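Asker: From the sequence below, what's the structure:
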Amino acid sequence: MAHHHHSHAHTDLKGKNLIISIFLNILITVSQVIGGLISGSLSLLSDALHNFSDVLSLIVSYVATILSKKKACTNKTFGYKRAEIIAAFVNAATLIIVAIILIKEAIERFLNPIPIESNLVIWLSLLGIAANGFSVLLLKKHADNNMNMKSAYLHLLTDMLASVAVLIGGLLMKFFQMYWVDPTLTLAIAVYLIFMGYDLLKESTRVLMLFTPSTIHVQNIVEAISKIDPIKNVHHVHIWQLNEDEVHLEAHIDFQKDIKLSEFDIILDKIEEEVYHNFGINHVNIQPEFGKCDAKQIIVQD
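Answerer: Predicted coordinates:
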C-alpha cells in the first residue's frame, strides 16, 4: 500500500517559522494597543485585536504541528494526526468571531465619530506591514499543502492587508481629515475576514465530520473496482480524509466465487493500485464476502 511521509526537517522548519511569527505578532499587538489607545484610532485597535487573534492562532498551529509528530500508541491508534485539522477549524472560527466584533465596533464608531492622532496610526501600520509581511513570506511555502499552516498564513495575510488599509486611512485622516475612513476600513477588514474564514471553516469541518473529500466521487470508485475480475459487488463503502496526507477507503466486496486467500491478496493489490493512482486514496481496508446475505447498497448507514 502506498503511503506518504514527510521529513522531520520539514516539520521542524514549520515550527521555527511559526515561533518567529508568534514573537513578531506579540510585538505588533502590544505596539498597536498602546498606539490605538493614545491615538483614538478604532482601525488601529481593530488591527491589534486581529493581531492578538493571530498570536493565539499561531500558538494553536504550533502546538498542533508538535502534536502531529507524536507516534501512535495502543490508546491513540491514529496518533495526533488530526491535531492540525482541529487547529485549522479553531483558527477559522476565531477569524469569523473577530470579524463580528469588528463590525459591531465600526458601527458604534460611525454613530459616534471622534478625531484621531493620525501620525501614530501611520507609523504603527508601517510596523504591522513589515512584521506581518515577513511572517507571510515565512509561512507561504508551507500553506499550499497543509490546512493548519494555511489557516495561520491566512491570519497573517489578512492582517498585513489590514495594516495596509490602516496606513491608507491614516494618510487620509492626516491630510484630508476624513475620519469616517477609520470605521469604513474596519468594516472592510471584517468582511474580508469572514470571507476568508468561512472557506477554511467549511473545509476543516468536512474533514472532521468524515465527509467524503469533495474531489472524490464514490460511484466512480465503485465502478472502477467492480471491473476487476471476479468481483461481483462493492457495498458498505466509507471514504474519509484523516488529515492532509491520508484518505481512507473501507468497503465490503462480494465475490462471484469462493476464492483462496492468496487470490484475494492479488486482487487487493489491484484495488490498492487502482484507487491510489486514479483517486488519491492511500489507505484501503476491504472486507471480502461470498454468498453473504447482507445489504448490498453502496452506502449503508451502520
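
Asker: can you map out the helices along the stretch 151-300 of the chain?
Answerer: In the stretch 151-300 of the chain, the helices defined using DSSP state H, counting those that start in this stretch lie at 181-208, 218-226, 261-279.

Asker: Pick the most buried one from the ones you listed.
Answerer: Comparing the helices of the stretch 151-300 of the chain on average neighbours per residue, with mean count of other Cβ atoms under 10 Å, the densest one is helix 181-208 at a mean of 20. (C-beta placed from N, C-alpha, C; glycine too.)

Asker: related to what we said a few turns ago, which stretch among the helices of the stretch 151-300 of the chain approaches residue 157 most closely?
Answerer: Closest of those to residue 157 is helix 181-208, at 8.1 Å (criterion: Cβ to Cβ).

Asker: Now the residue nearest to residue 197 when sequence neighbours are not counted. Its backbone dihedrals?
Answerer: The spatially closest residue to residue 197, leaving aside those adjacent along the chain, is residue 95, at 3.2 Å (Cβ to Cβ, 6 or more residues apart in numbering). Reported as degrees, to the nearest 10, the phi and psi values for residue 95 are phi -60, psi -50.

Asker: now swap in the one 5 residues further on and tell me
Answerer: Phi and psi for residue 100, reported as degrees, to the nearest 10, are phi -60, psi -40.

Asker: what comes up buried for stretch 77-86?
Answerer: 80, 81, 82, 83, 84, 85, 86 (16 or more other Cβ atoms under 10 Å).

Asker: Not counting its neighbours along the chain, what's nearest the third one?
Answerer: Distances taken as Cβ to Cβ, 6+ apart place residue 243 nearest to residue 82, at 6.0 Å, with adjacent residues excluded.

Asker: With the first one instead?
Answerer: The shortest distance from residue 80 to any non-neighbouring residue, by Cβ to Cβ, 6+ apart, is to residue 67 (4.0 Å).

Asker: and that neighbour, how many residues sit next to it?
Answerer: Per other Cβ atoms under 10 Å, the neighbour tally for residue 67 reads 16.

Asker: what do you get for residue 146?
Answerer: The local packing of residue 146 (other Cβ under 10 Å) involves 24 other residues.

Asker: Residue 150 now?
Answerer: Neighbour count of residue 150, defined by other Cβ under 10 Å: 25.

Asker: Need phi/psi at it.
Answerer: Dihedral angles for residue 150 - degrees, to the nearest 10 - are phi -60, psi -40.

Asker: What residues does it make contact with?
Answerer: The contact partners of residue 150, taken as Cβ atoms under 8 Å, 6 or more residues apart in numbering, are 88, 143, 144, 200.

Asker: Could you confirm the residue nearest to residue 80 falls within a helix?
Answerer: Yes: secondary structure of residue 67, determined by DSSP: H, G, I helix; E, B strand; the rest coil: located in a helix.

Asker: Confirm for me that it is in contact with residue 78.
Answerer: No: in this structure, residue 67 sits apart from residue 78 without contact. The criterion is Cβ atoms under 8 Å, and the distance is 11.8 Å.

Asker: re the thing from before, most surrounded residue in the contacts of residue 150?
Answerer: That'd be residue 88 among the contacts of residue 150, by other Cβ under 10 Å, with 30 neighbours.

Asker: Let me see the contact set for that residue.
Answerer: Taking Cβ under 8 Å, 6+ apart, we find residue 88 in contact with 147, 148, 150, 151, 200, 203, 204.

Asker: try 10 Å this time
Answerer: Residues counted as contacts of residue 88 (Cβ atoms under 10 Å, 6 or more residues apart in numbering) are 57, 60-61, 64, 146-152, 154, 200-201, 203-205, 207-208, 244.

Asker: which SSE is it in?
Answerer: Secondary-structure assignment from DSSP states H and E places residue 88 in helix 83-111.

Asker: what's the angle from that helix to helix 181-208?
Answerer: Using axes from the mean of the first three to the mean of the last three Cα atoms, to 10 degrees, the interaxial angle of helix 83-111 with respect to helix 181-208 works out to 160 degrees.

Asker: Out of the contacts of residue 150, the closest to residue 110 would be?
Answerer: Proximity of those to residue 110, judged by Cβ to Cβ, is greatest for residue 200, which lies at 28.9 Å.

Asker: Name the nearest residue to the closest one, ignoring sequence neighbours.
Answerer: Nearest residue to residue 200 in three dimensions, chain neighbours excluded: residue 92, at 3.9 Å (Cβ to Cβ, 6+ apart).

Asker: can you list the domains in this protein?
Answerer: The record's domain parsing of the chain by automatic domain parsing lists 8-208, 218-289.

Asker: would a markdown table of those with mean pLDDT and distance to residue 301 be doable?
Answerer: As requested, these are arranged in a markdown table below (pLDDT from 0 to 100; distance: least, Cβ to Cβ, whole Å):
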| stretch | mean pLDDT | distance to residue 301 |
| --- | --- | --- |
| domain 8-208 | 84 | 19 |
| domain 218-289 | 94 | 10 |
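
Asker: Alright, calling it a day.
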